[in-house]
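[1] A structural model of the following input is requested.
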Amino acid sequence: QNSRSVPLPPMPPKGKFLMQADRNSIGPRTRWQPISSSWVTLLGPGANGFRIFREEISPETRDVSFKGLATPALKAHMVLNASPLNSFLCLLSLAKLQDGNGPLVPNSGQRASFRVIERLNDHMDVIHLFFRPLFLWPSWTTARDFVLLRYWRHDPDGTYVLCIDSVKHEDCPSLPDFTRGQMHGVFTIAPKKKSKGLGKVELALHPECMLTAVVQVDPKGWIPLAPLPPLTSQGYGEAFGVVALLQMLDIRDALDYDRFVPVSQDASRPMPKNLSKELSALKPASVSLQRSHSADTTSDNEDDPVNYDFTYSDRESVRVKSNRKSIASNPVPLPSEKWAEPMANSFRVRGKSYKKDKLKINAGSSIGRLIAVDVVLVDEPLFSGFSVHPTERMQLALERERSAKAKGLPTDLPPFVFIVNICLPGPPFYHGVFYYAVDDMSAIDGSDGTPSSRLCQKFFFGDSDEFRDRTFKLIPQIVEGNFLVRKAVGSTPAIMGTKLRQMYVKNDRFFEVILDCGSSQVATGVIRLSLGYAKTLVVDMGFLFEGDSDEVLPERLFGCVRMKRPSFGPHLRKVNPVLGEF
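    Numbering: from 1, shown residues only. Predicted coordinates:
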């Protein structure tokens, strides 16, 4: 199904649904009793402000429940310091997405993990969820797993709703080391109430939302469900419901962690402030690994609907060199049907008087021309850069140029190449590398007197990485794709150096900017979600440098790329690190 709106799946017949009552079990008429001790304390948060409530049910229902049905429903609330959208993406994608070959265990520091078994449509999928073994006195339990149908929607009031229910799936039979349980739950993420004194700017600077979870778990296996008086009449079975709710702490911590500058706590491996000085004698380029400490904001953070003009979205070009020894063809790039150069005029950028009127204009032509696209597989991220890798296209092209000049022969290598290297989180790890040729150096060295040339000169040939961190900007646009990924990616321009760790490799013939998407857990969640739908997506990206004063306005797009239904896997070209590379 490809429809934008999918109705809520019908409720299963009574007796097959894990909730004891009907839909109203999670409504306001349900009575909830706070749990003051027991599993809440023994399994994690104790009295640290995380309250769990148990559904009050009649003695008759409780008696039937503990004779074979699931334990009572449990509920918890939590305020998250993030926007509803980011919180929802974290809820969907926080746990480790298994690739089918890795160990079925949660990430370090997390309570649960999952892998996607099947994607049904834009609003539904089936996942395989894993819990760690629990110690329930006097012994450890077997690890639990669950096969869950997930359904999600975005309501007009801004609320996100995620429903889960146990199902059977032919691609996920029972595993020998796990006991297959059953689970039902509803997660809601509610936005902050709007008030007269609360504007868009304040909401953007201080985002908040409330996550509410209602779960009911039947752990199956040999677990006594009868209530235990020492644990305020809770049974062992309720411990698994508490564990399901404690995943909310993983979500909260990931969102909180993402708001702060990461600090290495490994004293034996400190992060150097400027590696370029240390490596200048070892590499044909300088490398800088400076992390921006500026605020995670951009002056384009409004949800501007005019960052992209779909009038030109059907126009694209692909330049494939026939010469096997050109920079565009050696090594073999990504197949041409998977990428193209969209019309730069599709993107809208800041006009000459943007600081006064906030008006944007169509970008016109780009400074650079796209000559090659690589999507490659690596064992570990190559943060040293592809421009200095001896078997990649930049170094191979420079070597051919030196050889040709020695023989008095011409070369097709442009005078300058700008490289955007996007490292996707893993494992498995991938790099998307985009090469842009600059045919006229006056367009980037300031000599033609244009605002864009002056800005490029400071970015490429200046000494300030802090300036680069707050200047390099990306405009994303999902041209084709489902609503969830559209919402996750958006089309708002982003200053990448304030959101991700950004690194640079440069010399007089090229400049490479490296984006470490794994440095942000929110970005990791968005990318993992997008990778799941990659084969259905057409994505345009525009790269430029932000003009924040009248002297460097209007902005001009440096380059753009269109990725067309990319596929990821072992079939991609693999790049190995240089021997001895750090």
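[2] next, residue 563: phi, psi?
    Note on residue 563: backbone dihedrals following degrees, to the nearest 10 are phi -100, psi 130.
[3] so what pairs up with it in the strands?
    Listed beta-bridge partners, residue 563: residue 339, residue 539 (assigned using DSSP bridges).
[4] secondary structure class for the residue nearest to residue 392 when sequence neighbours are not counted?
    Nearest residue to residue 392, sequence neighbours excluded (C-beta to C-beta, 6 or more residues apart in numbering): residue 386, at 4.8 Å. (C-beta placed from N, C-alpha, C; glycine too.) Following DSSP: H, G, I helix; E, B strand; the rest coil, residue 386 is assigned to coil.
[5] tally of neighbours for residue 386?
    By the criterion of other C-beta atoms under 10 Å, residue 386 has 22 neighbours.
[6] next one: it from residue 432, what distance?
    10 Å (C-beta to C-beta, to the nearest Å).
[7] need the overlap of contacts for the two.
    374, 421 (C-beta atoms under 8 Å, 6 or more residues apart in numbering).
[8] ok, back up a step: and the residue nearest to residue 392, what does it touch?
    374, 392-394, 419, 421, 431, 433, 512, 575.
[9] quick check: phi and psi on it?
    phi -80, psi -20.
[10] make 521 the starting number, not 1.
    Sure, I'll start numbering at 521, so the last one becomes residue 906.
[11] residue 998 touches residue 1061, doesn't it?
    No: with contact defined as C-beta atoms under 8 Å, residue 998 and residue 1061 do not form a contacting pair (10.4 Å).
[12] helices - which of the contacts of residue 906 land there?
    913-914 (DSSP state H).
[13] nearest to residue 768, of the contacts of residue 906?
    Nearest to residue 768 out of the contacts of residue 906 is residue 951 (C-beta to C-beta; 33.8 Å).
[14] quick one: the closest one and residue 886, what's the gap?
    22 Å.
[15] over to residue 835?
    13 Å.
[16] do the same with residue 780
    35 Å.
[17] between the two, which one's more packed in?
    Ranked by neighbour count (other C-beta under 10 Å), residue 780 and residue 886 place residue 886 first, with 22 against 8.
[18] can you tell me the closest non-neighbouring residue to that one?
    Spatially, and ignoring its direct neighbours in sequence, residue 886 is nearest to residue 864 (4.0 Å; C-beta to C-beta, 6+ apart).
[19] also residue 710?
    residue 730 (4.7 Å).
[20] repeat that for residue 728.
    residue 712 (5.1 Å).
[21] so that neighbour touches residue 607, yeah?
    No: taking contacts as C-beta under 8 Å, residue 712 lies outside contact range of residue 607: 11.6 Å.
[22] anything in contact with each of these two?
    By C-beta under 8 Å, 6+ apart, the residues touching both residue 712 and residue 607 are residue 729.
[23] compare the two and say which is more crowded by neighbours.
    residue 607 (28 against 17).
[24] surely the more buried one is in a helix?
    Yes: according to three-state DSSP, residue 607 belongs to a helix.
[25] need the contact list for it.
    600, 680, 709, 729, 731, 771, 775.
[26] how about these in TSV, adding secondary structure and pLDDT?
    As requested, those are exported to TSV (DSSP: H, G, I helix; E, B strand; the rest coil; pLDDT from 0 to 100):
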residue	secondary structure	pLDDT
600	strand	92
680	strand	91
709	strand	95
729	strand	94
731	strand	95
771	helix	85
775	helix	82
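[27] the residue nearest to residue 886 contacts residue 1063, doesn't it?
    No: with contact taken as C-beta under 8 Å, residue 864 and residue 1063 are classed as non-touching, separated by 10.4 Å.
[28] in the stretch 921-1070 of the chain, mark out all the strands, start to finish.
    Applying DSSP state E, counting those that start in this stretch to the stretch 921-1070 of the chain gives strands spanning 936-944, 949-958, 992-1000, 1014-1015, 1021-1026, 1030-1036, 1058-1065.
[29] could you redo those as TSV and give each row distance to residue 701?
    Listed next are the strands of the stretch 921-1070 of the chain as TSV, based on distance: least, C-beta to C-beta, whole Å:
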stretch	distance to residue 701
strand 936-944	33
strand 949-958	33
strand 992-1000	37
strand 1014-1015	41
strand 1021-1026	39
strand 1030-1036	37
strand 1058-1065	38
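[30] now render those as TSV, adding mean pLDDT and mean neighbour count.
    Shown next, in TSV, are the strands of the stretch 921-1070 of the chain (pLDDT from 0 to 100; neighbours: other C-beta atoms under 10 Å):
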stretch	mean pLDDT	mean neighbour count
strand 936-944	97	23
strand 949-958	97	23
strand 992-1000	91	20
strand 1014-1015	91	22
strand 1021-1026	96	24
strand 1030-1036	97	23
strand 1058-1065	95	22
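[31] so which of those strands comes closest to residue 853?
    strand 949-958 (8.7 Å).
[32] adjacent strands (with direction) for the closest one?
    Using DSSP bridges, the strands paired with strand 949-958 are strand 889-898 (antiparallel), strand 936-944 (antiparallel).
[33] which strand is the longest one in the protein?
    Longest strand in the chain, counting residues (DSSP state E): strand 663-674.
[34] just how off-centre is that one within its chain?
    20 Å (C-alpha atoms, centre = their mean, to the nearest Å).
[35] just checking: what are the partner strands of that strand?
    strand 644-651 (antiparallel), strand 680-686 (antiparallel), strand 698-700 (parallel).
[36] quick one: closest of those to residue 985.
    Once these are compared by C-beta to C-beta, strand 680-686 is nearest, at 37.1 Å.
[37] ok, residues contacting the closest one?
    By C-beta under 8 Å, 6+ apart, strand 680-686 touches 528, 532, 537-538, 604-605, 607-608, 611-612, 666-675, 701-709.
[38] hey, what's residue 732 bridged with?
    residue 597, residue 708.
[39] grab the two from the contacts of residue 607 that are most spread out in space.
    680 and 775 (14.1 Å).
[40] distance check, the closest residue to residue 674 other than its chain neighbours against residue 706.
    Nearest residue to residue 674, sequence neighbours excluded (C-beta to C-beta, 6+ apart): residue 680, at 5.6 Å. Computed as C-beta to C-beta, the residue 680 to residue 706 distance reads 11 Å.
[41] same question for residue 758.
    Per C-beta to C-beta, residue 758 is found 18 Å from residue 706.
[42] you'd agree residue 1094 is up against residue 894?
    No: between residue 1094 and residue 894 there is no contact under C-beta under 8 Å: 11.4 Å.
[43] comparing those two, which residue is more hemmed in?
    residue 894 (22 against 10).
[44] distance of the more buried one from residue 923?
    Residue 894 is 23 Å from residue 923, by C-beta to C-beta.
[45] do residue 1083 as well
    Counting by C-beta to C-beta - residue 1083 and residue 923 are separated by 34 Å.
[46] which of the two has more neighbours?
    residue 1083 (20 against 11).
[47] who touches that one in this structure?
    858-859, 893, 952, 1057-1059, 1061.
[48] and those residues as CSV, adding distance to residue 555?
    Shown next, in CSV, are those (distance: C-beta to C-beta, whole Å):
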residue, distance to residue 555
858, 53
859, 54
893, 54
952, 47
1057, 44
1058, 49
1059, 46
1061, 48
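[49] what is the nearest of these to residue 849?
    Among the contacts of residue 1083, and counting by C-beta to C-beta, the member closest to residue 849 is residue 893, at 12.1 Å.
[50] contacting residues around the closest one?
    853-854, 858-859, 952-955, 1081, 1083.
[51] per-residue pLDDT, it?
    We note a pLDDT of 96 for residue 893 in this prediction.
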